[in-house]
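Asks: just to be clear, the model below is a prediction. Sequence and coordinates:
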Amino acid sequence: MSRPKVYVDGVLRTWGDDLYGDDARVVRPRKAATGITLPPRRPLRRRGTRPAGVARVRQTLAATTRKAPEVVVKISGGGRGMRAIRAHLDYISRNGQVVLENQDGDLIAGRDEIRDLKDEFQFGGFGVPEESTVREAFNIVFSMPPGTDRRAVHDSVRSFAAEEFGANFRYVFACHTDEAHPHVHLCVVARSDDGTRLNPRKADLQDWRESFASHLRDHGIEANATRRQARGVTKTPIPQPVANMQKKRGVVPERSRSPMRDEARRIRVETDKKVMRAYGAIARAMAESEDVGDRALAVEIVNLVKQMPVVQLAYEPTARVRSGKSGVRHVEIKRLTVPSGKCGPDEPTR
């Protein structure tokens, strides 16, 4: 029988969190430099026009099945004192050749104006010491694949920064056009105007990715911001010294197993299982939906899962959508026996 929309929405709400995380953001009170407790800077729900709940899950599912470009947001470093911040401002401005824009929309260009900006950062607000043991600024990079409209990326970062930092922090950003992929450098002073410090964590980076993607869509650019696990992609981190040896010498040293690596593998395997279960439950529910669009999306979800690297490696799935006697469409994702010598999600490599 066909499932009503309220049933499908319930499945999306339940399993969507396993794929894309909860869209409710827990925000704690802040403590200013004076010791006074301040209210949270952000509301519990995401701001702006970003959809929440079931609408967010549907939108992300559709974008993921279309293989919409994934945004990149990363913290490239942070100045531990004004000496490092000056060097970074020279870098992103190309020593005054590239125009910077600040939180007030003012354009800053040329060596003289860059020098005035450095003085403002150092002596304005709570000030920035010449040397520090903590990050006094955060350098954040926003980028998109080659071919993306550079003006749209620039304007999206402007909107993002105004929403995320504009009310409390001083910042400048610059768009670089000397590489194929459009990217923008954003430098944010770590201490806000009310004395609290910016302290981003992994969840904040994901939140920034989703916000940046939303602003890109507002500017007519298709963009997505899913976690790697939700795309079935697993990546074993390579220590920087090992990467350098491989790049410079063409030598890949043998890495011994360690309890930490085994634990990371176990966590990755459990995450893969959770993602597969979530996609299976969502595809089955949408295949039985009374909505034609849901049924079409169920087919796309099955095709997406079949193409995931983790599935191709371990599952050798057969997936099909069949019609029952009542005309209701059902999704089947069958797991076959893992070939000898290959590692499945529940069979770690020995």
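Replies: Happy to help now that I have it.

Asks: packing partners of the longest helix seen in the chain?
Replies: Secondary structure of the chain per DSSP state H: the longest helix is helix 259-287. Helices and strands touching helix 259-287, as assessed by 3 or more C-beta pairs under 8 Å, 6 or more residues apart in numbering; DSSP states H and E, comprise helix 5-20, helix 292-307, strand 329-334. C-betas here are computed from N, CA, C, even on glycine.

Asks: can you flag the weakest of these by average pLDDT?
Replies: The weakest mean pLDDT among these belongs to strand 329-334, with a mean of 49.

Asks: reformat the helices and strands packed on helix 259-287 as JSON lines; add distance to I108.
Replies: Shown next, in JSON lines, are these (distance: least, C-beta to C-beta, whole Å):
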{"stretch": "helix 5-20", "distance to I108": "38"}
{"stretch": "helix 292-307", "distance to I108": "44"}
{"stretch": "strand 329-334", "distance to I108": "55"}
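
Asks: K202: which of these is closest?
Replies: helix 5-20 (14.7 Å; C-beta to C-beta).

Asks: mind checking how far that closest one is from the chain centre?
Replies: On the basis of C-alpha atoms, centre = their mean, to the nearest Å, helix 5-20 sits 21 Å off its chain's mean C-alpha point.

Asks: swap in stretch 207-221?
Replies: 11 Å.

Asks: same thing with stretch 284-296?
Replies: Counting by C-alpha atoms, centre = their mean, stretch 284-296 is centred 28 Å from the centre of its parent chain.

Asks: re earlier: and the helices and strands packed on helix 259-287: which comes nearest I140?
Replies: Here helix 5-20 is closest among the helices and strands packed on helix 259-287 (C-beta to C-beta), at 21.9 Å.

Asks: tell me which residues of the closest one are tucked away?
Replies: Counting neighbours by 16 or more other C-beta atoms under 10 Å, one finds that the buried residues in helix 5-20 are V8, D9, V11, L12, W15, G16, D18, L19, Y20.

Asks: can you check stretch 279-290 too?
Replies: The neighbour-count check on stretch 279-290 (16+ other C-beta under 10 Å) flags Y279, G280, A281, I282, A283, R284, A285, M286, A287, E288, S289 as buried.

Asks: thought the fifth one was touching A298?
Replies: Okay, so that is A283. Yes - under the criterion of C-beta atoms under 8 Å, A283 makes contact with A298 at 4.8 Å.

Asks: where does the prediction get shaky in the stretch 251-350 of the chain?
Replies: Low-confidence segments of the stretch 251-350 of the chain (pLDDT under 70): 251-261, 310-350.

Asks: repeat for the stretch 101-250 of the chain
Replies: 234-240.

Asks: which strands border the helix or strand S76 falls within, and is each parallel or antiparallel?
Replies: S76 is part of strand 72-77 when elements are defined by DSSP states H and E. Here strand 72-77 has these sheet partners by DSSP bridges: strand 137-143 (antiparallel).

Asks: which SSE is immediately downstream of the partner strand?
Replies: Criterion used, DSSP H and E; the element after strand 137-143 is helix 150-164.

Asks: what angle sits between the next helix-or-strand element following that following helix and strand 137-143?
Replies: Sequence-wise, the next helix or strand downstream of helix 150-164 (DSSP H and E) is strand 171-176. Our comparison of strand 171-176 with strand 137-143, counting by axes from the mean of the first three to the mean of the last three C-alpha atoms, to 10 degrees, yields an angle of 40 degrees.

Asks: which parts of the stretch 101-250 of the chain are helices?
Replies: Applying DSSP state H, counting those that start in this stretch to the stretch 101-250 of the chain gives helices spanning 110-123, 150-164, 202-218, 240-249.

Asks: now the angle from the third one to helix 5-20?
Replies: Helix 202-218 and helix 5-20 are oriented at 120 degrees to each other (the same axes, to 10 degrees).

Asks: residue numbering should commence at 11 henceforth.
Replies: Will do, 11 is the new start, and the previous item becomes helix 212-228.

Asks: would you mark the buried spots in helix 212-228?
Replies: Under 16+ other C-beta under 10 Å, the buried positions of helix 212-228 are Q216, D217, W218, R219, E220, S221, F222, A223, S224, H225, L226, R227.
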